[in-house]
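Q: Need a 3D model of the sequence below.
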Amino acid sequence: MKTDPSTGAGKVHSRTCKSQGKGHQPSEPDWLEHLPAEWRETVEPPLYFEQYSEYEIRAERTVGYDADDQRCFTAHRYMLTSLASDDDEEFYELVTYSEEMAAWRLRDERWLVYRRISTNNCNQSRSFYALSPDMPR
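A: I've put the predicted structure just below:
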């Protein structure tokens, strides 16, 4: 991994190629994790990934590219936290909002988008799928 100035200060950039079979690769994203089985034959599979991480908050982003160097997969995860205390002496981090998104380009150029949102630790997270004409950002 290396710092890439074109992605903004503090972001880490790495490129993971699936085609390299030798040696240990950086952690490759599980791009099929939320893709329903009935949709697997309709998406363009990525050949390599670019991964970004933010060091100031818990956030990461992955973009997958096909054989024509076109984006065919994207995903991001992030958590927003705040400090909380029960006795004003010991503090702990509390997740106040989290989001996970994955999107796959279909062969007809639309995007299948999965999103899971949680507003705090007490509420059940909500997830859904949608179709989009454009890649989500």
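Q: Specify the beta-bridge partners of Ser53.
A: Beta-bridge pairing of Ser53 under DSSP bridges involves Val12, Glu60.
Q: That one: neighbour count?
A: Close neighbours of Ser53, defined as other C-beta atoms under 10 Å, add up to 15. No exception for glycine: its C-beta is placed from N, CA and C like everyone else's.
Q: and if you look at the one 5 residues further on?
A: Number of residues near Arg58 (other C-beta under 10 Å) recorded here: 15.
Q: tell me the SS of Gln51?
A: Assigned by DSSP: H, G, I helix; E, B strand; the rest coil, the conformation of Gln51 is strand.
Q: and it, how far is that from Ala37?
A: Taking C-beta to C-beta, to the nearest Å as the measure, Gln51 falls 25 Å from Ala37.
Q: Okay, buried residues for the helix or strand where Phe73 lies please.
A: For Phe73, the host element (DSSP states H and E) is strand 71-85. Using 16 or more other C-beta atoms under 10 Å as the test for burial, strand 71-85 gives 71-76.
Q: If we only consider those residues, which is nearest to Trp104?
A: Phe73 (5.6 Å; C-beta to C-beta).
Q: Okay, and the beta partners of that closest one?
A: Beta-bridge partners of Phe73, as defined by DSSP bridges: Gly64, Trp104.
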